[in-house]
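In: Have a look at this prediction, sequence included:
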Amino acid sequence: MPRFFARHTATLFFPMALILYDFAAYLSTDLIQPGIINVVRDFNADVSLAPAAVSLYLAGGMALQWLLGPLSDRIGRRPVLITGALIFTLACAATMFTTSMTQFLI
């Protein structure tokens, strides 16, 4: 009986990790929208750039879907997911070093 629970727990771990990863991605969108006004103010940029930042964030998430689906079918979903999470983490860390709104948008 304990063996069943151990196997069942291991089987559920990866789908639960995917759900948490997806939740974090959607949550980050909800956190960006109210915070972008502070970013624009800190960079002394025009307020009209705020919607551009949110749009570029969402466009970045959509732009690679044509590649990531077939790539995950070919090499597996886990390596693609881990690589994507690493790139996302590095990109978020890089925003700490931006000095202008243009750099932030890129």
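Out: Good, I have the coordinates. Residues are numbered from 1 along each chain as shown.
In: Following the chain onward from the longest helix anywhere in the chain, which element is next?
Out: The helix that spans the most residues within the chain, counting by DSSP state H, is helix 2-42. Towards the C-terminus, the helix or strand next in line after helix 2-42, according to DSSP states H and E, is helix 50-63.
In: Mind giving me the packing neighbours of the next helix-or-strand element following that following helix?
Out: Using DSSP H and E, the helix or strand that follows helix 50-63 in sequence is helix 65-75. Judged by 3 or more C-beta pairs under 8 Å, 6 or more residues apart in numbering; DSSP states H and E, the packing partners of helix 65-75 are helix 77-94. C-beta: built from backbone N, CA, C; applies to glycine.
In: Quick check: what element follows the helix it packs on along the chain?
Out: The first helix or strand that comes after helix 77-94 along the chain, using DSSP H and E, is helix 101-105.
In: residues of that following helix that come out buried?
Out: 101, 104 (16 or more other C-beta atoms under 10 Å).
In: can you tell me which residues contact F43?
Out: For F43, the residues meeting the contact criterion (C-beta atoms under 8 Å, 6 or more residues apart in numbering) are 100-101, 104.
In: Quick one: residues contacting I32.
Out: The neighbourhood of I32, defined by C-beta under 8 Å, 6+ apart, consists of 53-54, 57.
In: with those in mind, which one is nearest to L18?
Out: L18 has its nearest neighbour among the contacts of I32 in Y57, at 20.9 Å by C-beta to C-beta.
In: my guess is the closest one contacts Q33, does it?
Out: No. The pair Y57 and Q33 does not pass the contact test of C-beta atoms under 8 Å, sitting 9.4 Å apart.
In: related to what we said a few turns ago, rebuild the contacts of I32 as JSON lines, extending it with pLDDT, distance to L81 and neighbour count.
Out: Written out in JSON lines, the entries for the contacts of I32 read as follows (pLDDT from 0 to 100; distance: C-beta to C-beta, whole Å; neighbours: other C-beta atoms under 10 Å):
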{"residue": "A53", "pLDDT": "85", "distance to L81": "25", "neighbour count": "20"}
{"residue": "V54", "pLDDT": "80", "distance to L81": "24", "neighbour count": "13"}
{"residue": "Y57", "pLDDT": "79", "distance to L81": "19", "neighbour count": "15"}
